[in-house]
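1. make a model of this:
(3 chains)
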Amino acid sequence: MLAQHLPALQVVIPLLAAPLCALFRRGFIGWLIAVAANWLAFAASIGLLIRVLNEGVISYAMGGWAPPIGIEYRVDLINVFVLLVVSGVGAVIIPFARTGTAARFNDTDQAWFYTMYLLALTGLLGVTITGDAFNIFVFLEISSLASYVMIAMGRDRRALTAAYQYLIMGTVGATFIVIGIGLLWAMTGTLNLADLAQRIPEINDTRPVLAALAFLTVGISLKLALFPLHLWLPNAYAYAPAVTSAFLAGTATKVAIYLFLRFFYTVFGGGGFFSSTPLPEMFLVLSIVAMFAASTVALFQDDVKRMFAYSSVAQIGFITLGISFVTEAGLTAAMTHLFNHAIMKAGIFMLLGGVMFRLASVKLEDMAGIGRKMPFTMGGIVILGLGLIGTPGTSGFISKWWIVLAALEKDQWWLVALILVASLITMLYVGRIVEVAYFREPSAKAASVREAPLAMLIPAYVLVAATIYFGLDTNWSVGLAQQAAADLLAGLY
Amino acid sequence: MEPADHILLAMLIPTVGALLIVLARSNPNLREAVTLVTAGLLFVNVLQLLPVVLAGGRPELFGFTVTPGLEVAFQVEPLGILFGLIASFLWIVNSFYSIGYMRGNKEPRQTQFYVAFAIALASALGIAFSANLFTLFLFYEILTLSTYPLVAHHGDAKARRGARIYLIILLGTSIVFFIPALVWTLAIAGTLDFMPGGILAGKASGLTTGLLLALFAFGIGKAALMPVHKWLPNAMVAPTPVSALLHAVAVVKAGVFTILKVSVYIFGSDHLLATGASEWLVYLATFSLLAASVIALTKDNLKARLAYSTVSQLGYIVLGAAIATPLALIGAGMHILMHAFGKITLFFVAGAIHTATHKTEISQLNGIGRAMPFTMGAFFIGALSIIGLPPLGGAWSKLYIALGGMDGDYWFVVAALMISSVLNVAYLMPIVVRAFFRPPDPDEHAHDHDHAPVVENGSFRSRIAEAPLLCVVPLMFTAFACFILFFAPDAIQGLLQGMMEVPR
Amino acid sequence: MTEILADLNYWVTIFLLMGGLYIIVAHGNMVKKLVGLSIFQTSVYLLFISPGKVLGGTAPIIAPGFELYSNPLPHVLILTAIVVGVATIALGLALVVRIHEAYGTIEDDEVQEMEAD
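-> You can find the predicted model right below:
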């Protein structure tokens, strides 16, 4: 009975928990509710995964209204994979949230923070699970609005302008997406993704459909921070509270990537249509530019959080590069990296949250010598940084390996070279942090700091452990990604 | 215990040792005791595998599959057991020396030093026993990363710069060249397993083999083949025990070991000989070994000269791997051993001089043999072994490589080796001459009198101003070992012969 | 001319879309930017509503005597979209208030200048 309603529960649990937090107006209770809701959501994702693996695609009629009139929740391997990433990363982050949040906000604000967190989670899970195009827009806006608030709660006043900037760009992006959806609806008379997937391929050379494609491309690219539409991201990640940065870096852009895959592969009809447009070439070029430009900018940042924010733009480049290959290996690489990068980047932002908590700064110069003061925090950052570089033994290597394999499969040696050189730049900026943190005398600020509290370290180390684990056992990351990639290419839904 | 358990223990013992060192950090005596016991246990453990391999066994241990084609698995073969024994044995000697050196020089961050050292050893053993390229690559990178804090040990601007170059070159080459080589090999052969006779034999054309070999040769930066040798002289900023680790125990040895493994078990020596794809590497390695010797001549800093000497000696091993005739390969394998003992002696001496007198330049060493006769005597023996003179171990390996060169019709190689030996004499012997036959510089003592109170006409006893006993005994021991090894070529050849045997 | 008039709703949509976008990009005042954003979003409402109109049809409330109804779906959708739009503008204005408190200005370039130092 419960298993029957898992798709609804996946979204409804955090959605109902959100106002509860607001009602209690108590930081601790809000946190407990958030933890419970997030862990239940994670359990629901696992339950959905088991069901999908056993029974195949799940179609759930929301409220008992049969699709295509009613809203359908449709779960297949592709989105259950993303659901797992989103709820899983959230489940690790939310226990971490307590310490930093309690230290900075009063009870009411804490409760509101958890409310916003749960709404953002609801939105992201909703976007992923729903099989209705307009529903996607609604959930997207729920998650976006909540995340604007979460960003604005950062301690620096620049968090406000970052949130404002993100609000403007995010809304433009979402509006573009809804225009695309509107055009598709006007042409087909349906909003159900499965229905669209059947009708669009017949008319996918008509002008309105191509216009819809253009709007969707730009809108989703804005949301996933594809270079050069990434301008909102660095400030938003840099000045937001640690919980927000970790959560958004691990989930928001990933869900946008899912949307991209869903529209271009599923709705427009598998890999065939996507490769008939000029989009793969465009994405290839933009991805490479992202990898290099963003990494190079990251190299020159003095604020470590900003550095890793730019690094996110570069890493998204790796993901979209995999997508642009339109091959199974390429999509596997993209999905794998989506998974691995979510874990690594969320972990890094959490550990930086620990640094911020003790040091009240994440400026590189202030972090001089903290390697010895905060050995576990910095040790974790080093391991995750190695993951970003793609050192074997970390999950990052697996991502790189698959991307290189995919490039090789297309006989593009120059691409292999570019991918590896881009990894080198990653090595340089991670190395810069290591050198300052370990081999400089502690700065005046750093001299008196202690190790971050365990309540922050333990959740972060779950992700550190995951980074190593998924570097050695890839049954769940690559294994699922590979199946999902095959489904995407075939346009199955 | 099964042989497979010993393989696992070979990596587990140093790892557990590292943890215990951390736990014992507040008590230096206990901490050093942990290091020594760990090193001893490790060597005994690796030694258990030797009879099995000598009897023709190839103990295996399968770890797990990471992603199709990438497996973590271990297999002990002759070359691996040789490298494993060298690394684990020299760790014991080096640990004694480290204690003397680190305490004598009052180095900071000693716990970090011993921990990183133990992890480096664990990864060296992982490299030695890996059954496929991926496993080797995994531990190769761990070795780079675990030695980075050792190179940066002093923490000053110079050390940071040296360590940065170290990391960028080693990690960089492995990312840009080694990874594509792995992918390409997997694409051609469908496997990355080390197999006698090679996995690319008959599958890769001559051109492909040549290109792939280039990716390997430059991707394995630890082999310090010119022009990717720059990291080695730059890493000289590290404390001497670290230099010993880099030059003799693990790091460069891991590099040339990998090159040999690739040559024998990935390409297959017959395949290399048949396609002639490694010919260019013969020329490059010859150039590398000659050029490095010439550069060594120009260096006044003792450790820098020794560093270029290492680059040159590594050239011999790469040369052996490139010639790829059986004798050359055995010579190359043997040279890993011989050079390890010779060079560790020389570095121990450099460190002992530094500990006793704080001198680092060769031009300051006039007459130092009077104050440090045991140390400089050991230097003399080590130098002779590096040059390749009997009755010292180094003579054999060079002979084998030269003979291998003749087998492969590379006559110029023989000539180059002779020139190189002369160059070796030219850059090593003056140090000995200076130490024993030049009078000490008078102003130097006045300046440094509390370190080296050299009394011109005193009795032998009063002239002596050696480094701490824990520094001097290990270096005399390794010098003696160079001598012993002269009598062991048959045993080593017998062991290494095993790597040529292709199972029918 | 009749062709243009036939597609009048689309022309208006495009006009609002471009106008809104222009305001967002061209104006430095953060409140004006939000006004632009609002106009920009309004264009979407029109885009959805207009194709839903069935000529001669009446409001989609079932009542005796009426056969032809307009499509009710876009109304539902756009009702939601309007709610989203209101929430966005409300949040945006709240942020502007806070920015004014923190910086003492709501001009984009002045804020950027203050952030630079």
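2. residues contacting the closest residue to chain A within chain C?
-> Relative to chain A, the nearest point of chain C is C:A102 (4.0 Å; C-beta to the nearest C-beta). For the C-beta atoms, the positions are set from N, CA and C on the backbone; glycine is no exception. Going by C-beta atoms under 8 Å, 6 or more residues apart in numbering or on different chains, C:A102 touches A:R157, A:L160.
3. can you tell me the average pLDDT over the helix or strand hosting it?
-> In this assignment (DSSP states H and E), C:A102 forms part of helix C:73-103. Averaging pLDDT along helix C:73-103 gives 91.
4. now stretch A:409-425
-> Mean predicted confidence for stretch A:409-425 is 87.
5. who touches it?
-> Under the contact criterion C-beta under 8 Å, 6+ apart, stretch A:409-425 has outside partners A:288, A:291-292, A:295-296, A:298-299, A:314, A:317-318, A:321, A:325, A:327, A:329-330, A:389-390, A:400, A:403-404, A:407-408, B:172, B:175-176, B:179-180, B:183.
6. what does stretch B:472-491 give?
-> Contacts of stretch B:472-491 (C-beta under 8 Å, 6+ apart): B:90, B:93-94, B:96-97, B:100, B:334, B:337-338, B:341-342, B:344-345, B:348-349, B:352, B:374-375, B:377-379, B:381-382, B:384-385, B:390-396, B:466.
7. how about stretch B:206-220?
-> B:140, B:173-174, B:176-181, B:184-185, B:188, B:200, B:204, B:223, B:225, B:228, B:255, B:258-259, B:262, B:266-267, B:271-272, B:275-278, B:280-281, B:284, B:318.
8. output it in CSV with nothing but the alpha carbons.
-> Extracted C-alpha coordinates of stretch B:206-220, given in CSV (Å, rounded to 0.1, in the frame of the first residue of the first chain):
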residue,chain,number,x,y,z
GLY,B,206,54.8,-0.8,-35.1
LEU,B,207,53.6,2.8,-35.2
THR,B,208,51.0,2.4,-32.5
THR,B,209,53.5,0.6,-30.3
GLY,B,210,55.9,3.4,-30.8
LEU,B,211,53.4,6.1,-29.9
LEU,B,212,52.1,4.1,-27.0
LEU,B,213,55.6,3.6,-25.7
ALA,B,214,56.2,7.3,-25.9
LEU,B,215,53.0,7.9,-23.8
PHE,B,216,54.3,5.4,-21.2
ALA,B,217,57.9,6.7,-21.2
PHE,B,218,56.9,10.3,-20.6
GLY,B,219,53.8,9.4,-18.5
ILE,B,220,55.9,7.6,-16.0
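9. can you mark which positions in it are buried?
-> Using 16 or more other C-beta atoms under 10 Å in any protein chain shown as the test for burial, stretch B:206-220 gives B:T209, B:G210, B:L211, B:L212, B:L213, B:A214, B:L215, B:F216, B:A217, B:F218, B:G219, B:I220.
10. the third one sits in which helix or strand?
-> If I follow you right, that is B:L211. Using DSSP H and E, B:L211 falls in helix B:206-219.
11. past that helix, which element shows up next along the chain?
-> helix B:231-234.
12. what does chain C put close to chain A?
-> For chain C, the residues found near chain A under the criterion C-beta under 8 Å from any C-beta of the partner chain are C:17, C:21, C:24, C:30, C:33, C:37, C:40-41, C:44, C:47-48, C:51, C:73, C:77, C:80-81, C:84, C:87-88, C:91-92, C:95-96, C:98-99, C:102-103, C:111, C:115.
13. can I get the buried part of those residues as one PyMOL selection?
-> Selection of buried members from these for PyMOL, criterion 16+ other C-beta under 10 Å:
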select buried, chain C and resi 17+21+24+30+33+37+40+41+44+47+48+51+73+77+81+84+88+91+92+95+96+98+99+102+103+111
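14. please enumerate residues in contact with the helix or strand hosting A:L23?
-> Using DSSP H and E, A:L23 falls within helix A:6-24. The contact list for helix A:6-24 (C-beta under 8 Å, 6+ apart) reads A:2, A:29-30, A:33-34, A:36-38, A:40-41, A:44-45, A:47-48, A:51, A:58, A:60, A:62, A:73, A:75, A:83, A:87, A:111-112, A:114-116, A:118-119, A:121-122, A:125-126, A:129, A:139.
15. how about stretch A:379-387?
-> Stretch A:379-387 is contacted from outside by A:340, A:344, A:347-348, A:351-352, A:394-397, A:430, A:433-434, A:437, A:457, A:460-461, A:463-464, A:467-468, A:471, B:145, using C-beta under 8 Å, 6+ apart.
16. follow-up on the earlier one: filter the contacts of stretch B:472-491 to the buried ones?
-> Buried among these by 16+ other C-beta under 10 Å: B:90, B:93-94, B:96-97, B:100, B:334, B:337-338, B:341-342, B:344-345, B:348-349, B:352, B:374-375, B:377-379, B:381-382, B:384-385, B:392-396.
17. right, I'll leave it there.
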